[in-house]
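Chemist: Below is the sequence, then the predicted model.
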Amino acid sequence: MEERLGIAGSGAIACGLAATAAGSGPVLLWARSPESAKRAHATIARNCAKLLGGEVDPDRVRIVSSLDELSEATFLLEAVVEHHGMKAELLAELGELARHAGQNAVLGTTTSSLSIAELAKASGHPERFVGFHPFNPVPRMKLIELAFPPQATEETRERARNLAEAIGKTPVTVPDSPGFVVNRLLFPYLFSAVELMSSTGMPPEDVDRCMTLGAGMPMGPIALLDFVGLDVAQAIGESIGSRVPYALLELVRAGALGRKTGRGFYTYD
């Protein structure tokens, strides 16, 4: 991997991306607090154990507590919660960091639904900006959706494609439109499954069984929503203009966000 990857964030996408990239070179990962750093270290170790027969060394990911320590990176990716204000604020900081470091670092975001043009503007470096959208679980999913602002240079585009390929992924350039391609097509289907379940009284297990056994889906739509996170699903649905089902909104209001909270449409141990 020619780039030195720096990731600002410590959630599932950030840790999955860090572990995957560690198979190709050293990675820097910024965690906001000691507790976040501890969780990130454990998650990265678990992910690395699943890659290449456990041959990826988790110590190739250096977890840092100061954003300034990401100045060593040549490719900086923001990977925090799916909220425009929080992402824009962090990207502005990363943009300043890249400017003061005096290097031609590419800046990017892992957003799944927000405007790349607007986030690029917030970074202060739209000519060196990319939407770099991996899919969860990152170690297993092969696709990276690449979305660029109009100002992005050909060098930026090439470096983004090269990085995706270097970490074993397949990059596909997609339009900068809400939800890009996958989520724009996927979430109306997922929401329709919830509406069907609500209107018929079918249990989630049966809806999922129909789609896995009858349509060959690797995971049923209700289980997939829980896996993604119901709060994330709500944010994506709102960004693409798709009506979010009442049953999903009620769970979000109750704090039942899916697997990560132990309860969503299903209950988890």
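Modeler: Looks like it came in fine. Numbers count the residues shown, from 1 in each chain.
Chemist: the helices in the stretch 151-269 of the chain, which residues?
Modeler: Listed in chain order, the helices of the stretch 151-269 of the chain (DSSP state H, counting those that start in this stretch) span 154-166, 182-200, 204-214, 221-228, 230-240, 246-253.
Chemist: Kindly reformat those helices as a markdown table and extend each row with distance to residue 61.
Modeler: In this view, the C-beta of every residue, glycine as well, is placed from N, C-alpha and C. Shown next, in a markdown table, are those (distance: least, C-beta to C-beta, whole Å):
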| stretch | distance to residue 61 |
| --- | --- |
| helix 154-166 | 16 |
| helix 182-200 | 26 |
| helix 204-214 | 34 |
| helix 221-228 | 23 |
| helix 230-240 | 24 |
| helix 246-253 | 32 |
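Chemist: so where is the stretch 101-250 of the chain shaky, pLDDT-wise?
Modeler: The model of the stretch 101-250 of the chain has pLDDT under 70 over residues 101-102.
Chemist: again, only using 80
Modeler: Within the stretch 101-250 of the chain, the ranges that satisfy pLDDT under 80 run 101-103.
Chemist: what residues are up against residue 97?
Modeler: Contacts for residue 97 were tallied using C-beta atoms under 8 Å, 6 or more residues apart in numbering; they are 67, 68, 70, 71, 76.
Chemist: Pull the residues that contact the strand or helix carrying the last one.
Modeler: When elements are defined using DSSP states H and E, residue 76 is found to belong to strand 75-78. Counting by C-beta under 8 Å, 6+ apart, the neighbours of strand 75-78 from elsewhere in the structure are 3-9, 17, 70, 87, 90-91, 94, 97-98, 105-110, 132, 159, 163.
Chemist: Next: stretch 253-266.
Modeler: Applying C-beta under 8 Å, 6+ apart, the contact partners of stretch 253-266 are 12, 194, 204, 222-223, 225-231, 247, 251, 268-269.
Chemist: Residue 130 touches residue 151, doesn't it?
Modeler: No: here residue 130 does not reach residue 151: they are 11.3 Å apart, not a contact under C-beta atoms under 8 Å.
Chemist: And the two? Which one has more around it.
Modeler: Between residue 130 and residue 151, counted using other C-beta atoms under 10 Å, residue 130 has the larger neighbour count: 28 against 14.
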